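Participant: coords below, sequence missing:
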Ligand code: BG6
């Protein structure tokens with residue numbers, strides 16, 4: 001019989017979402033346009049104008065959070081809902097008040113708000129003005145936005161995340177609206193954006209740590225656990241290099257304040273030039289995070305294609321292979337719980353002093369609503385495995401402070417519309433028909449409710 005005593009009493013059992021993926025009200029109450037609005041409108045699925053309309057279902061959704069027993073809710077603030085132009089030229093009071101209401105309601109219900117400042121919804125006005133993160137001007141505008149948020153909500157919110165999955169955006173730059181004339185220039189622009197985001201974030205870390213002593217502030221990094229295609233040392237090294245390139249470089253910059261040499265070498269091989277001054281390096285050094293958010297979903301087995309791809313993206317040099325022992329979602333993400341324990345140990349080895357919050361982790365499926373019920377056994381199986389491995393990782397000594405699965409409620413996927421569902425709560429709509437947006441509790445809702453109630457799995 002397993003003991004559950006290893007989850008700390010104040011463990012943050014949470015769930016996550018992001019603004020454009022749940023809120024809707026995309027064109028109302030003074031909200032400005034974001035890259036996510038434009039991107040989803042141009043895609044083949046639904047757009048973000050309604051999503052699952054949390055903006056108009058706030059009371060109902062918070063009641064569901066309460067019923068689920070959440071100790072924390074991770075959500076993001078829509079930058080253009082509070083600052084429609086991205087800069088301080090207009091402040092949208094309705095947007096500002098919406099987040100006050102959300103935060104106040106969470107606090108009233110004893111649910112810890114965990115706030116992401118920027119989650120894939122960069123202001124279009126700044127893309128049009130100076131190509132967004134490619135310009136150094138973006139640093140000041142992000143700083144002003146973060147400063148605005150901390151002044152407004154800093155006394156109510158303890159846990160802050162600056163940028164969600166910067167490392168995903170850098171490798172899929174259309175998510176941040178980056179413009180370029182060709183692929184080589186796009187990679188160069190993405191890497192310049194990467195550094196500008198790091199500098200902006202470092203300035204915010206520094207300011208927050210000086211002025212808001214009681215808050216925790218860190219990045220939310222996408223962490224891919226890369227497995228080698230075989231046991232040969234060359235494959236193991238390539239898998240490690242991929243992790244270094246994709247995830248650890250950003251954690252090193254955010255936590256240690258240094259750009260790892262291996263990262264610069266990889267960029268050099270791709271003929272990317274970064275213009276970094278002594279002052280920039282000093283900024284990175286002085287502004288570091290005081291905890292780490294990690295989005296971890298699965299392990300991925302990589303095979304190096306070994307082709308001469310000097311002007312392409314680093315990830316294009318690899319293909320993904322499936323492991324016949326593992327179950328995969330319809331979109332190819334594995335269910336490999338032991339990978340989570342391994343990943344957590346890696347973090348502890350590398351950053352022994354840092355507290356880790358799992359900011360995303362989840363299983364997507366085309367769930368079916370039948371007689372008001374959703375039997376999502378595969379999701380339950382996924383979470384059973386991962387929560388048990390999380391417990392073991394805590395027992396191993398990793399400082400894990402919370403677990404915020406993706407997602408609290410079904411939402412608009414970043415790349416695959418509404419059929420790819422992750423939520424504990426089902427929303428009755430599809431890509432082409434909003435229907436009534438009625439909420440239903442899935443079987444996994446009751447499973448997670450029991451996990452939270454028991455402070456871990458009950459065997
Ligand atoms: C993470 C993002 O990359 O993964 C989320 O932070 C996203 O915003 C999630 O929804 C799942 O990805 P997708 O493409 O299935 O929506």
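Facilitator: That came in fine, so what should we check first? Predicted model only: the values in this text are computed from it and were never measured.
Participant: Quick check on the residue sitting nearest the centre point of the chain: phi, psi?
Facilitator: Geometric centre of the chain, nearest residue: residue 164, 4.3 Å, by C-alpha atoms, centre = their mean. Main-chain torsions, residue 164, degrees, to the nearest 10: phi -80, psi 130.
Participant: which residues touch the closest residue to it other than its chain neighbours?
Facilitator: Spatial nearest neighbour of residue 164, excluding adjacent residues (C-beta to C-beta, 6 or more residues apart in numbering): residue 119 at 4.0 Å. Backbone N, C-alpha and C define where each C-beta goes, glycine included. Residue 119 is in contact with 18, 19, 20, 76, 164, 165, counting by C-beta atoms under 8 Å, 6 or more residues apart in numbering.
Participant: Setting the sequence-adjacent residues aside, check what's closest to the residue of the stretch 1-150 of the chain at minimum distance from the ligand.
Facilitator: Nearest residue of the stretch 1-150 of the chain to the ligand: residue 18, at 5.1 Å (C-beta to the nearest ligand atom). Here the nearest residue to residue 18 in space, its sequence neighbours aside, is residue 119; by C-beta to C-beta, 6+ apart that works out to 3.8 Å.
Participant: likewise residue 80?
Facilitator: residue 32 (3.6 Å).
Participant: Quick check, that neighbour in contact with residue 124.
Facilitator: Yes. The criterion here is C-beta atoms under 8 Å, and residue 32 meets it with residue 124 at 7.2 Å.
Participant: overlap in contacts of those two?
Facilitator: What both residue 32 and residue 124 touch, as defined by C-beta under 8 Å, 6+ apart, is the set residue 80.
Participant: What parts of the stretch 351-459 of the chain come near the ligand?
Facilitator: Proximity of the stretch 351-459 of the chain to the ligand, by C-beta under 6 Å from any ligand atom, involves residues 360, 364, 406, 413, 414, 415, 416, 420.
Participant: Dump those to JSON lines, plus distance to residue 235.
Facilitator: Formatted as JSON lines, those follow (distance: C-beta to C-beta, whole Å):
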{"residue": "360", "distance to residue 235": "28"}
{"residue": "364", "distance to residue 235": "28"}
{"residue": "406", "distance to residue 235": "30"}
{"residue": "413", "distance to residue 235": "31"}
{"residue": "414", "distance to residue 235": "30"}
{"residue": "415", "distance to residue 235": "28"}
{"residue": "416", "distance to residue 235": "30"}
{"residue": "420", "distance to residue 235": "30"}
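Participant: Write out the residues of the stretch 1-150 of the chain neighbouring the ligand.
Facilitator: So the stretch 1-150 of the chain meets the ligand at 18, 21, 120 (C-beta under 6 Å from any ligand atom).
Participant: mind checking how far the residue nearest to residue 164 is from residue 75?
Facilitator: According to C-beta to C-beta, to the nearest Å, residue 119 and residue 75 sit 9 Å apart.
Participant: tell me, what's touching the two both at once?
Facilitator: With C-beta under 8 Å, 6+ apart, residue 119 and residue 75 have common neighbours 18, 19.
Participant: Which parts of the stretch 151-300 of the chain are helices?
Facilitator: 166-171, 183-211, 233-243, 249-251, 261-269, 278-286 (DSSP state H, counting those that start in this stretch).
Participant: which one of those lies closest to residue 155?
Facilitator: Residue 155 lies closest, by C-beta to C-beta, to one member of the helices of the stretch 151-300 of the chain: helix 183-211, at 11.4 Å.
Participant: Between helix 278-286 and that closest one, find me the angle.
Facilitator: Taking axes from the mean of the first three to the mean of the last three C-alpha atoms, to 10 degrees, one finds helix 183-211 and helix 278-286 inclined to each other by 60 degrees.
Participant: still on that earlier bit, most packed of the helices of the stretch 151-300 of the chain?
Facilitator: helix 249-251 (a mean of 24; mean count of other C-beta atoms under 10 Å).
Participant: picking that back up, sort out for me which of the contacts of residue 119 are in strands.
Facilitator: Judged by DSSP state E, the contacts of residue 119 include 76, 164 as members of strands.
Participant: Would you format the contacts of residue 119 as JSON lines with pLDDT and distance to residue 39 included?
Facilitator: Below are the contacts of residue 119 laid out as JSON lines (pLDDT from 0 to 100; distance: C-beta to C-beta, whole Å):
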{"residue": "18", "pLDDT": "98", "distance to residue 39": "13"}
{"residue": "19", "pLDDT": "98", "distance to residue 39": "14"}
{"residue": "20", "pLDDT": "98", "distance to residue 39": "9"}
{"residue": "76", "pLDDT": "98", "distance to residue 39": "16"}
{"residue": "164", "pLDDT": "98", "distance to residue 39": "15"}
{"residue": "165", "pLDDT": "98", "distance to residue 39": "15"}
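Participant: I'd like to know which of the contacts of residue 119 is nearest to residue 401.
Facilitator: residue 164 (18.0 Å).
Participant: which ones are touching the closest one?
Facilitator: 18, 76, 116, 118, 119, 120, 220, 295, 359.
Participant: One more pass at 7 Å, please.
Facilitator: Residues near residue 164 by C-beta atoms under 7 Å, 6 or more residues apart in numbering: 18, 76, 116, 118, 119, 120, 220.
Participant: which one among the residues of the stretch 1-150 of the chain next to the ligand gets closest to residue 235?
Facilitator: Checking these one by one against residue 235 (C-beta to C-beta), the nearest turns out to be residue 120, at 32.3 Å.
Participant: what's near enough to touch the closest residue in space to residue 118 that isn't next to it in sequence?
Facilitator: Take residue 118 and drop its neighbours on the chain: the residue closest to it by C-beta to C-beta, 6+ apart is residue 163, 5.1 Å away. With contacts defined as C-beta under 7 Å, 6+ apart, residue 163 is in contact with 118, 197, 201, 219.
Participant: Over to residue 396?
Facilitator: Remark: with contacts taken as C-beta under 7 Å, 6+ apart, residue 396 is in contact with residue 345.
Participant: how much space between it and residue 362?
Facilitator: 23 Å.
Participant: again, but for residue 190
Facilitator: Distance, residue 190 to residue 362, by C-beta to C-beta: 26 Å.
Participant: Same check on residue 65?
Facilitator: 16 Å.
Participant: neighbour-wise, which of those two wins?
Facilitator: residue 362 (25 against 22; other C-beta atoms under 10 Å).
Participant: Just give the nearest non-adjacent residue to the more buried one, would you?
Facilitator: Excluding the flanking residues, the one nearest residue 362 by C-beta to C-beta, 6+ apart is residue 406, at 3.8 Å.
Participant: All set now, cheers.
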